[in-house]
Structures are given as C-alpha cells and as structure tokens.
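Q: the following comprises the amino acid sequence and a computationally predicted model.
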There are 2 protein chains.
Amino acid sequence: MTVQPILIDGQWRQADATSTFRAENPATRESLPDEYPVSAWNDCDSALEAATAAFEVMRGIPGEDIARFLEEYASRIEARRDELVEMANAETALPVSPRLADVELPRTTNQLRQAAAAAREGSWAMPTIDTATGIRSCYAPIGPVCVFGPNNFPLAFGSVSGGDFAAAIAAGNPVIAKANSSHPGTTRILAEEADAARQATDMPPGTVQLIYRTSHPDGERLVSDPRTGATGYTGSRSAGLKLKTAADAAGRPIYLELSSVNPVVILPGALRERSDEIAGEFTTSCLMGTGQFCTNPGLVVLLKGEETSTFVKMLGDKFQQAPVGTLLSKGVKTNLRANLDVLKEAGAKVIVGDTEGGGQGYSHANTLLSVTGEEFLANAEALQTEAFGNTSLLVVADDVDQVCAAIGRLEGNLTGCVYSDTAGSDDEAYDQIAPHLRGRVGRLLNDKMPTGVAISPAMNHGGPYPATGHPGFTAVGIPASLARFSMLECYDNVRPHRLPACLQDKNPNGTAWRYVDGRWTQDDVTSG
Amino acid sequence: MTVQPILIDGQWRQADATSTFRAENPATRESLPDEYPVSAWNDCDSALEAATAAFEVMRGIPGEDIARFLEEYASRIEARRDELVEMANAETALPVSPRLADVELPRTTNQLRQAAAAAREGSWAMPTIDTATGIRSCYAPIGPVCVFGPNNFPLAFGSVSGGDFAAAIAAGNPVIAKANSSHPGTTRILAEEADAARQATDMPPGTVQLIYRTSHPDGERLVSDPRTGATGYTGSRSAGLKLKTAADAAGRPIYLELSSVNPVVILPGALRERSDEIAGEFTTSCLMGTGQFCTNPGLVVLLKGEETSTFVKMLGDKFQQAPVGTLLSKGVKTNLRANLDVLKEAGAKVIVGDTEGGGQGYSHANTLLSVTGEEFLANAEALQTEAFGNTSLLVVADDVDQVCAAIGRLEGNLTGCVYSDTAGSDDEAYDQIAPHLRGRVGRLLNDKMPTGVAISPAMNHGGPYPATGHPGFTAVGIPASLARFSMLECYDNVRPHRLPACLQDKNPNGTAWRYVDGRWTQDDVTSG
C-alpha cells in the first residue's frame, strides 16, 4: 500500500516519514484504507522554506488576487461536495445531511468568500494616516502561518479550509496546514482543491501546504521556528499548552482555542414562563453534533426551587429520549469517560446516562450530572472539567449570591448565557449576575444557547485564558479574525510612491475604510 | 530616617518592607537622602485586592469621568513642574532644560490629555454592531494593569505617568505602578499628584497605586496573578523575559519593550548629496540623552566607497567634539562597558571613544565602532548586541546584496531607516533593501533619524520580537496603544437596555466612531 503524499511547495510528494497512520470510521470502529505519513522535521523545514518564499511574493500582491484565489477555492469545494462530505462522514461519523452537506460545507465556502471580500475591500488593515506628522500605518501580513485544526469541524475549522486558514490567507500569509489525525482524507481532498485553485489563480507554490502529522517535539519546533509568523491552534488544552509554551519562549505569536464549559444561567422566572421551550433549546444545543462543539453548554446554573426541580426532570426525560450520536473517535470516547469520572469523583451525581454505548460505534449515553451550589464551590476546579461530548453538569444554587460566587470561581470561557423572563421578575438577579459573568467570557448571550457561532463582524469566538491564549482576539468573524495574523507596519516620512497602496493618498480601491486625521473615511487624502 | 510610604488603596502607608534602597545622583555619584522600601508579597497582594475593587467600579463609569481624572492629573503635574524636574534631574542627570522641563514634561501632560480625549471620544473601543444577527461587540477594559517603567524617561514613560499608564487608565483599568529603582523620588511626586487628582475627581481608591520595588520572584508572581489583567514593561531584555515567561505560563497578557539597535542604512547617493546634514542628524540623534533612547540609532549600514570613508571620518570628528553626557546610573555605565566589550570581541574596531569618563559623574566617551559587512555576517548575533548609551556600530558593506544579507540576519527592531538621495541614484538599492527591512521593524523611516517618537494615531512604537513581545501592538500613539489593555467583549441577543452605552442604538456621545453593518459612522443605529 502506498502512503499518501504531502503537499510541499506546490508538489504532492512522498513525505520523509518516520511512521504512518490510518484514520478510523468511528461509526464502524474500522480503519479506513488510506495510509498517511508522520513527517520528520525535514518535511517541516521544507514547508517553512517554501512558505518563506511564497510570503515574499504574497506580501506584495493586491487583495484582489488573494480574493480570486479564495473564491476559486470555494467553488472547487462545492464542485467536489459529494466526495468531500462522504469522506468527512466516514472519518468523523458526522451526518452527511443536514450537518456536513447542508450546514458545515456551506458555512465553509461562505467563510472563504467573506474572507475573499475582506481581502478585496481592504478595511481589515485599518490604514491610519496622520497627515500632520507624515506618519502612516496599517496592519500587514505577519508571515507563514501554521494551522492546527480540531477534530470536530473537518471543513469549517479544518486546517486547510476553515476559519484560521481563511483569515491567514486573506491577511496575505501562506499557510502550513497540519491535518487533524482523525480526518486526514477530508483534509487531503480540500488541499487538492486549494492547490488547484492556487495554480488556477497564479498564487505562489508555497501558498498552501499540507503535512499530516509530526512528532510532538517537531510540532513545538514548527511553531517556534523563526520563519513562522504565527500559529492558529484549536484542540485539546494539554497539547495546545505545550505548543504555547514553545511559541511563547521563541516570541512567536500563537492563537489558541483550548477549552470551554460555556456556563448557562437559567433564572426561575424564565423557567416559570417557558420551561418547555428552554428545555428543548438546551437539549438540542447540548446534544447537537453529539455535544462536540467548542461552545457546547457544559455547565448549567439553576436556582433551587420547584420550577427548577420540574425542569431538571424534564431535561432528564429529553436526554433519555434523544437518540445517542456517534463520538468523533475512540479518543473522544475515552476522554469523555475519564472526565465524567473526574466530575463524579468531585461530587457530581448522575441524573441520567453515564453508561457506555447506546449509539452506533463509539458512543456514550446522553448524560446529565448535577451538584448543589455548595458542592460546586467546595470543588470548583474539578467540577468545571470539560467533558467534551453529549453531557452537561447542572449546578443547583441556593440563591443568587451563590450563583455569583460559583461564576466567580470559573476560568475563562468562550461564552456565557443568562436566560431571564420577559416580565422582569428575573431582572434584579440578572443585574447581579451579569457583571460577574461578563469578564469571564468572550461572548455574553441572553435567552439563547451558545452553539450558534455566526460569521458576523461583531462575533467574538474567543475569551479569557484558558478558553483562548489572549482575550483580545476572535477566531470567527470577518474582518476581525484577520488581525491575529498581522503585524503593525508604520511608515514615517516614507516617500509617497514607496508607500504600500493602501497608505497612499489615493484610496486604491475606493472601498477600504481608512482612519485619516481622526476620521474613518473611504475618501482619498486631499490635504498636503 | 523614615522610609517613604507606598500608595495602596488610596492611602500612603508604610510598606511591608524586606529591605530599603536609595537612589543615586549619577552626576555626583552620591546617594540621595530618601529611603525607599522593597516590598514583600503582602504589599503586592494588597494592591491587587484594591485594584480588583477599583476595577469593578471603573468598568462601569463613563469615559468622561476617566478623562476628567487624567486632565486633572496633567494640570497637577504642571503645577508641580519645578519640583518634579529638579527631582528627575537629581535622579537621572537628564538636563532640566530643555530636556525635562521643556520636552519630556510637556510630552507627558500632552499624552495624558490625548488619552483623556480618547477616553471621552470613545472610538478606541471600536464598537461593532451587526443589526442583521443581533450581535454587538467592543473592546473593554481588561482588569488591573501592572506597569514597569524604564529608567530613561522618568516622566513620559514613567510607571505612574507615562504612555503605558495613560493607555491603561484611558481604557478603564486601574494601574499598579512598580517604580523604576533609579528614580523613585520622581515617581513618588507623580503618584502624589495622581492620587490627589483621583480624589478630586471621585475615582475609586485603587485607581492608581505605587510600589517601589519587589524581589524578582514577587514581580513574576505579580504579573502572573489571576487578578492581574495585563502588564506593560519597558526595560532590559533579561528582566523582561523573566516576567514574560511567568506571565505567559499563567496566560496573562504582557506587553514588553525589550531592546532595539534601530538599523539605519545610508546609501551613497545620499552621502554625495548631503553628507554634512546627515552626519549632523546622526550625531544629534545618537548622542541625544547620552544615547539612552529606545530608538537610538545603534547600527549604521553603509556601502564601501570614498563618500563613506569621508563620512565615517566626519562622524568620528563630530563624536569627539560633542560634549559627553552623564549616563543614567552606574548600572548603565557598567552594561555599556560590558556590551562594548562584546562588540569588540566579536570583531568591532574602535573609530573613536571607548574610554571611560569624559563627562560629569557616570560617563563614557562618545564611541563609534565599525566592522565590515563580511565581519558582520560572520558574527551577526554578537554584533547586534545593544550597547545602551552614546555609541553606535558602523557596518561597511561591500555591496547592496551584502546589505540585504546583513539586514536578513537582524532580530526584530523598533525602527529601521533608509537614507537615499533625492535625484534617484539610490532608488534601485532602496527597492532591494526596503523589503528586507520592512518585516524586521515596527516603523520604517526615510531620510530621518528614529529618535523622534511622535504621539500620533499612526505611530508604531513596537516591532517584531525581541524588540517587543508581539508585533501587532504599539506602546505609543493614541488610541492604538489602548488596545493592549483591553479584551474583546461580545453581546449576542442581549436585550437593548442591558448593552453597554457604546453598543446601544443611540451613539451615547455622538463622537465615537462605530462599525455598523460594515460602515464606520458616528450616527445612531436607525434600522430595526
């Protein structure tokens, strides 16, 4: 059996492989036929060399060229849609429809097209012009970007197709993609189309490269190499923190999305008003994709009382009745079991579930656990362990003060929600709770579950550590997500014809918003 | 003798001191009379508690209130101007006039007033509104900010008065200032006025706090404490990297300005055209403040030839004729000597200077060293050692390719300059050189020395590692410098009256620029 080639410098070529691996179909527990290489450092080094060369070209080309590449790629993904979703389904067990074909793939191509539009329009660079001092600045590409994608969105967060990829390319950087080992075949098809689009639009060979896997030390070396501009990582906290330590020590920016339990506070008035509706929303959100969302509502805070008791019972019924989905891999199943045990050892009681199986292949019963507020406070660190999968922990607090205390013990999270009634009986509690939650989450929601992550310019898919590595950046949302992969370039007294196009007096495309002498405008600079 | 008190939670109180220290007058080498405490962790802990309490208040108050505080403080600094510059002169030997009284103090108050204007105006928060999805976001204060100021600008970069302070406060954060040990008395006077301004404008007690010194381990604990929102540090690379390691491991943002040799390339056409003028500019820039500027031109790259030989001779004469200034401290003098030795051991030859003394107190002759391009390439790491003080290394390259190669070996720097002629004979060389320099520096200059750092919205006083810790942020320039001390806060489906003022439909002050549905505007949101 031949080993699949890697994509380096525009060529599909055999890896310098130290070993090989295969993906597994989590629904059948069978290995898939294709064999993929684990690359030695030599492959990383070649990729860095080619990316460096590509960067020298890319930093000089207009946003329009980058946009054409991204749009060509999006169209090519659509042309191979059936093959892609079939492969992604085989590697992840995520349903072909609606999930992969009707939700995730369109989201992916939409995201690539939004990134294209941002590259073309040019406002993302925030060109800033101070005519009085003759100083001009803008954000500019940072250099080769390494992308480590997660297991849970093979397309929309894929290392060669997802949000980090789109943002890095749109900002003008080449990407070195490290495939997620659970879906190498999906990543291969995507990289084939990315490279074909690159050729069709005359982008340099090192624009998009793909390595399937490396040793951990080589991964750490990759993110800390002086040729690396920055890294985007989405995945487990333990692996991410190792990469972070290496990148930090070398002073190379790294953006990480590590873990989140996404607290949801449901106040009693809301339950009295619409408990059925909320139970439905919560169950759908928590079990969607077998609970394997970064923004899965893994911690629900309730107030002791009759409406809460009824609600918890309702949730238990819904969780038992809902079909049990397949988990993404054997590893996810193992970790889910281990983390449920951590929660139970820390005092969590089982409401429903907690047994293995129940679905196709790797699966685990839909599981609800609970603790009292007092128990949570006594062991808050262990009780906010993320159990990635179709499970959630309910915290039933004695009063609003205890809710605030529990929130005060939370680590940084991506999201935090509060459900309250519309008549106003929960308002006092909301006003007490919201300030505690606000500083601990990137996105604060009202009356809405956190699993929908709209690709909006106002989105923040980020949050305080350890949800991510820095609370000032978002991984989703265009143009804001591009900022991660840029550096601030300032031009002081630089002769006009030597300035980059976006900083010259004439607004090159007429569309970019520029901050000129304290005003945002799309106009040309007319003053001397 | 009584030990000076520290400022904690609005009270000047005795420190929990493990020992004490005094500052020294570098012009007389005599200890100054006041004794200052080295704080135990207990003082840091108290400061963090008070700052946390202050933050809860500050994050809710309007920018107008913060602006009034900063403006009151600026006026109070002006009222104590004579006492301040006298103390700063005694502690740093920087001349009272023009440097301290006429340049640095006005820059400091101007910066505080610009920060006040930014807080009042509100655009810095980049409120972003997407009416289609109901998602709104803005930058918001990050929490207590620790500021470690440098030795070289006791006012304008001072921990309780300078750029980091102004940016952190304007963004809505309390500041815990760690004084630079070389000018505690200056910092004390400033903190007295900051606290008086705080009282006069009803800001919470923990808004501004001052600790003079801690042990290194306690400094590391301070920047990594979970209550710390972020840290701003300007100073030596070795101390800064220890703080960075600690903060990174804890996931607490830290912004550092560490070192820079600020390469200046002077092309032959420029020398033929105006060598006198350039020699004057360079000498002034390099010896200004006895060379103790972050942006001091410490590395000059020239092309071998007659005009360069003449120019080097001219520089040597000017360096010998120029008065020798006093260095900021004994430590600066010791380090300068040690780093000149590193350069000499790496092959640098002395053109002029290299002897101790020659000025008042701690001083060292104005020193010019040189190497050939080939020598530089053979030992590039050692030959870009920063020798902080009145010195510069000239690199005389064989040709433009060698210039590019030398630049390619440089670490990240704050600035990079190219001088070229106006007739165009240097243009080809410029076009070859500039792309190499561009990615290695935060600010690229033409025909201008780097020591002027205008407080412009377009300024970038930052650059790739190890000049700073992250190439996307600037320490000077308002409003951009505020971004360092903020987190991205997103509101998804949050009920209108619960949104922060800057995200409500009505633009609260009518002055903040907001990104509404893809357009920057100062208008209210009118769509549904």
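A: Good, I have the coordinates.

Q: for the rest of this, base every contact and every neighbour count on C-alpha atoms.
A: OK.

Q: quick check: which ranges of chain A have low pLDDT?
A: Applying pLDDT under 70 to chain A flags residues A:1, A:527-528.

Q: quick one, domains of it?
A: Here the domain assignment for chain A is A:6-21+A:39-121+A:132-258+A:475-481, A:263-446, based on automatic domain parsing.

Q: could I get the ones you listed as TSV with mean neighbour count?
A: Rendered in TSV, the data for the domains of chain A read as follows (neighbours: other C-alpha atoms under 10 Å in any protein chain shown):
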stretch	mean neighbour count
domain A:6-21+A:39-121+A:132-258+A:475-481	22
domain A:263-446	21
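
Q: is it possible to get a markdown table of those domains that adds distance to residue B:313?
A: Converted to a markdown table, those look like this (distance: least, C-alpha to C-alpha, whole Å):
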| stretch | distance to residue B:313 |
| --- | --- |
| domain A:6-21+A:39-121+A:132-258+A:475-481 | 32 |
| domain A:263-446 | 59 |
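
Q: want to throw those domains into TSV with distance to chain B?
A: Shown next, in TSV, are these (distance: least, C-alpha to the nearest C-alpha, whole Å):
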stretch	distance to chain B
domain A:6-21+A:39-121+A:132-258+A:475-481	5
domain A:263-446	4
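
Q: can you give me the helices for the stretch 201-350 of chain A?
A: A:216-224, A:237-249, A:268-287, A:306-321, A:330-345 (DSSP state H, counting those that start in this stretch).

Q: among those, which is nearest residue B:457?
A: When the helices of the stretch 201-350 of chain A are compared by C-alpha to C-alpha, helix A:237-249 sits nearest residue B:457, at 28.4 Å.

Q: for the closest one, name the packing helices and strands.
A: helix A:216-224, strand A:254-257, helix B:237-250 (3 or more C-alpha pairs under 8 Å, 6 or more residues apart in numbering or on different chains; DSSP states H and E).

Q: contacts for the longest one?
A: Same thing as helix B:237-250. Here helix B:237-250 makes contact (C-alpha atoms under 8 Å, 6 or more residues apart in numbering or on different chains) with A:245, A:248-249, B:219-221, B:223-226, B:233-234, B:253-254, B:256, B:258-259.

Q: over to the shortest one?
A: By C-alpha under 8 Å, 6+ apart, the list of residues contacting strand A:254-257 from outside reads A:223, A:230-235, A:240, A:244, A:247-248, A:462, A:467-470, A:484.

Q: again, only using 7 Å
A: A:230-235, A:240, A:244, A:247, A:467-469 (C-alpha atoms under 7 Å, 6 or more residues apart in numbering or on different chains).

Q: farthest pair in those?
A: Across those (C-alpha to C-alpha), the longest gap, 18.5 Å, separates A:230 and A:467.

Q: all strands of the stretch 301-450 of chain A, in order?
A: A:349-352, A:367-372, A:391-397, A:413-419, A:441-446 (DSSP state E, counting those that start in this stretch).

Q: ok, back up a step: can I get the helices and strands packed on helix A:237-249 in JSON lines including distance to residue B:444?
A: Output for the helices and strands packed on helix A:237-249, formatted as JSON lines (distance: least, C-alpha to C-alpha, whole Å):
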{"stretch": "helix A:216-224", "distance to residue B:444": "25"}
{"stretch": "strand A:254-257", "distance to residue B:444": "25"}
{"stretch": "helix B:237-250", "distance to residue B:444": "22"}
